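Asker: this one's sequence-less:
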Ligand code: C5P
């Protein structure tokens with residue numbers, strides 16, 4: 001395995017993206033979207049409707065993107081064929097916010113300004129992010145326009161619900177810029193895991209002692225969530241079984257929330273048979289209180305002994321029960337000492353295909369941080385030692401290796 005560690009698969013570096021801003025109150029959020037895309041090293045151009053320029057100045061987008069902004073078809077700065085080249089040179093057009101008017105124009109092929117003409121002439125993929133008053137969004141006219149766009153392969157993001165600027169309650173809010181970027185990553189990815197079912201566990205479990213106390217550990221779930229997100233961006237269908245965390249559920253990932261190790265076991269067993277790649281990144285409590293008191297345990301003697309029962313080892317159970325080659329089984333080993341020896345023993349004892357080992361006593365690896373330095377051990381004895389990487393990069397690397405193992409199986413396909 002001399003292959004260089006993969007960089008992020010959902011990487012937007014060098015991608016040509018046109019952000020089309022129309023005249024809704026959420027136009028200000030497009031500034032953050034452009035900033036995030038530029039931070040991802042995408043080449044960003046911004047087209048605006050005339051109404052959008054009443055909400056936010058073109059200069060803001062010019063400064064953020066580093067490129068000239070076009071808001072008028074026949075301006076001095078607008079090239080004669082910009083309305084054709086912009087949408088044909090681009091990898092992706094993101095219409096955010098897309099007003100009811102712009103949604104209608106794109107759906108019906110109306111080209112009466114730069115933004116709509118450019119969209120009509122485009123060969124790029126298109127992501128539409130509607131944002132408008134709830135009544136406008138729910139109006140059958142808009143709904144039919146949205147489904148028309150979807151039928152043509154345009155991705156339309158569902159607006160968020162809540163209180164809108166106009167004080168109405170309901171759907172109509174522009175999704176957060178970070179969610180739009182995630183959707184863009186998914187559209188632009190080469191979908192190399194399409195058709196695969198990926199099961200991921202993440203986070204710590206809580207083992208209750210009484211109604212207010214529980215035993216847990218320092219896992220935040222970041223690594224498992226990064227794997228679930230990366231797998232979905234790469235086209236897999238992803239089931240995420242997660243202990244309690246404060247993390248946002250990655251877009252397009254099917255979450256099953258659990259609290260205890262026993263609940264996690266149930267959830268995992270339910271989804272195991274249909275899974276092609278199983279990545280167990282959860283930090284499952286090895287023990288649970290023997291009994292859970294119905295009432296809060298009162299302060300009493302100087303010392304209090306709590307009797308603990310061993311929790312089932314979910315991963316070992318999967319490893320031992322699985323039909324040979326039914327799936328690729330990946331474990332994690334969080335260690336504070338003898339990293340390689342301990343990880344190797346787990347790989348063998350639990351009958352895994354690979355194990356990702358990390359030293360959780362380090363400050364830049366393991367729990368609660370955004371980076372990880374891992375070692376990946378394989379069944380045949382090979383050990384890969386990539387450098388310190390962002391958790392998203394580790395996620396892609398783990399998925400790259402799992403995919404290679406999946407493809408190398410003697411009989412694959414179901
Ligand atoms: O033996 P240890 O807990 O260190 O093994 C870690 C690996 O086993 C992780 O992949 C973890 O998700 C999994 N595990 C499990 N059930 C347990 C304990 C650990 O699935 N009860």
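Answerer: On my side now, so go ahead. Everything numeric in this text was worked out from a predicted model, so none of it was measured.
Asker: give the burial count for residue 190, as a bare number.
Answerer: By other CB atoms under 10 Å, the residues close to residue 190 number 10. To be clear about C-beta, it is placed using only N, CA and C from the backbone, and glycine gets the same treatment.
Asker: show the contacting residues for residue 42.
Answerer: Contact criterion CB atoms under 8 Å, 6 or more residues apart in numbering gives 12, 13, 14, 15, 16, 17 as the residues in contact with residue 42.
Asker: which parts of the stretch 51-200 of the chain are strands?
Answerer: 69-70, 92-98, 125-130, 155-156, 160-163, 169-173, 197-202 (DSSP state E, counting those that start in this stretch).
Asker: quick one: name the residues of this protein near the ligand.
Answerer: With CB under 6 Å from any ligand atom as the criterion, the chain comes near the ligand at residues 201, 261, 280, 282, 284, 286, 311, 313-315, 331-333, 346.
Asker: any chance you could map the helices in the protein?
Answerer: Chain-ordered helices for the chain, with DSSP state H as the definition, fall at 27-39, 52-55, 58-65, 82-89, 100-108, 114-121, 134-138, 140-151, 177-188, 222-233, 261-272, 314-321, 339-349, 391-408.
Asker: and the ones you listed, which is most packed in?
Answerer: With neighbours defined by mean count of other CB atoms under 10 Å, none of the helices of the chain is more surrounded on average than helix 222-233, at a mean of 28.
Asker: which strands and helices lie in contact with that one?
Answerer: helix 177-188, strand 197-202, strand 237-242, strand 277-280, helix 391-408 (3 or more CB pairs under 8 Å, 6 or more residues apart in numbering; DSSP states H and E).
Asker: report the separation between the residue most central in space within the chain and residue 15.
Answerer: The C-alpha lying nearest the average C-alpha coordinate of the chain belongs to residue 229 (CA atoms, centre = their mean; 2.9 Å). Computed as CB to CB, to the nearest Å, the residue 229 to residue 15 distance reads 18 Å.
Asker: repeat that for residue 237.
Answerer: Applying CB to CB, the value for residue 237 to residue 15 is 24 Å.
Asker: coming back round to it: make CSV out of the contacts of residue 42 and add neighbour count and pLDDT.
Answerer: Listed next are those as CSV, based on neighbours: other CB atoms under 10 Å; pLDDT from 0 to 100:
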residue, neighbour count, pLDDT
12, 24, 91
13, 10, 93
14, 10, 95
15, 18, 97
16, 17, 98
17, 26, 98
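Asker: I'd like those as JSON lines, with distance to residue 128 appended.
Answerer: As requested, these are exported to JSON lines (distance: CB to CB, whole Å):
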{"residue": "12", "distance to residue 128": "18"}
{"residue": "13", "distance to residue 128": "24"}
{"residue": "14", "distance to residue 128": "24"}
{"residue": "15", "distance to residue 128": "18"}
{"residue": "16", "distance to residue 128": "18"}
{"residue": "17", "distance to residue 128": "14"}
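Asker: of all those residues, which comes closest to residue 158?
Answerer: residue 17 (20.8 Å; CB to CB).
Asker: could you pull up the residues touching residue 204?
Answerer: Counting by CB under 8 Å, 6+ apart, residue 204 makes contact with 216, 217, 218, 219, 220, 221, 243, 244, 282, 283, 284, 285.
Asker: what about the closest residue to residue 234 other than its chain neighbours, distance to residue 317?
Answerer: Of all residues not flanking residue 234 in the chain, residue 193 sits nearest, at 4.1 Å (CB to CB, 6 or more residues apart in numbering). Separation of residue 193 from residue 317 (CB to CB) stands at 25 Å.
Asker: quick one: closest of the helices of the chain to residue 255.
Answerer: Within the helices of the chain, the stretch nearest residue 255 is helix 222-233; the backing value is 8.4 Å (CB to CB).
Asker: run the chain-centre distance for the closest one.
Answerer: Offset of helix 222-233 from its chain centre (CA atoms, centre = their mean, to the nearest Å): 6 Å.
Asker: how far off strand 197-202 does it point, in degrees?
Answerer: 160 degrees (axes from the mean of the first three to the mean of the last three CA atoms, to 10 degrees).
Asker: okay, the angle between helix 222-233 and strand 237-242?
Answerer: Using the same axes, to 10 degrees: helix 222-233 against strand 237-242 is 160 degrees.
Asker: so residue 256 touches residue 268, yeah?
Answerer: No - with contact defined as CB atoms under 8 Å, residue 256 and residue 268 do not form a contacting pair (9.1 Å).
Asker: what is the neighbour count of residue 294?
Answerer: By other CB under 10 Å, the residues close to residue 294 number 7.
Asker: what distance do you get for it to the ligand?
Answerer: Going from residue 294 to the ligand by CB to the nearest ligand atom, to the nearest Å gives 25 Å.
Asker: residue 24 - nearest residue in space that isn't next to it in sequence?
Answerer: Using CB to CB, 6+ apart, the closest residue to residue 24 is residue 97 (4.4 Å).
Asker: and the pLDDT for the one you found?
Answerer: Listed pLDDT for residue 97 reads 98.
Asker: just checking, it touches residue 21?
Answerer: Yes - Residue 97 is within contact range of residue 21, at 7.1 Å (criterion: CB under 8 Å).
Asker: shared neighbours, the two?
Answerer: Joint contacts of residue 97 and residue 21 (CB under 8 Å, 6+ apart) are 27, 30.
Asker: picking up where we left off before, which residues touch the residue nearest to residue 24?
Answerer: 21, 22, 24, 26, 27, 29, 30, 129, 130, 131, 132, 174 are the contacts of residue 97 under CB under 8 Å, 6+ apart.
Asker: which one of the residues you listed is nearest residue 92?
Answerer: If you rank the contacts of residue 97 by distance to residue 92 using CB to CB, residue 129 comes first, at 12.1 Å.
Asker: surely that closest one touches residue 180?
Answerer: Yes - look at residue 129 against residue 180 with CB under 8 Å: they come within range, at 5.8 Å.
Asker: can you pull the residues that touch both of those two?
Answerer: Common neighbours of residue 129 and residue 180, using CB under 8 Å, 6+ apart, are 94, 96, 157, 174.
Asker: most neighbours among the residues you listed, which one?
Answerer: For those, the largest neighbour count, defined by other CB under 10 Å, is 29 neighbours, found at residue 94.
Asker: domains for the chain, by residue range?
Answerer: 16-163+170-188, 197-287+306-408 (automatic domain parsing).
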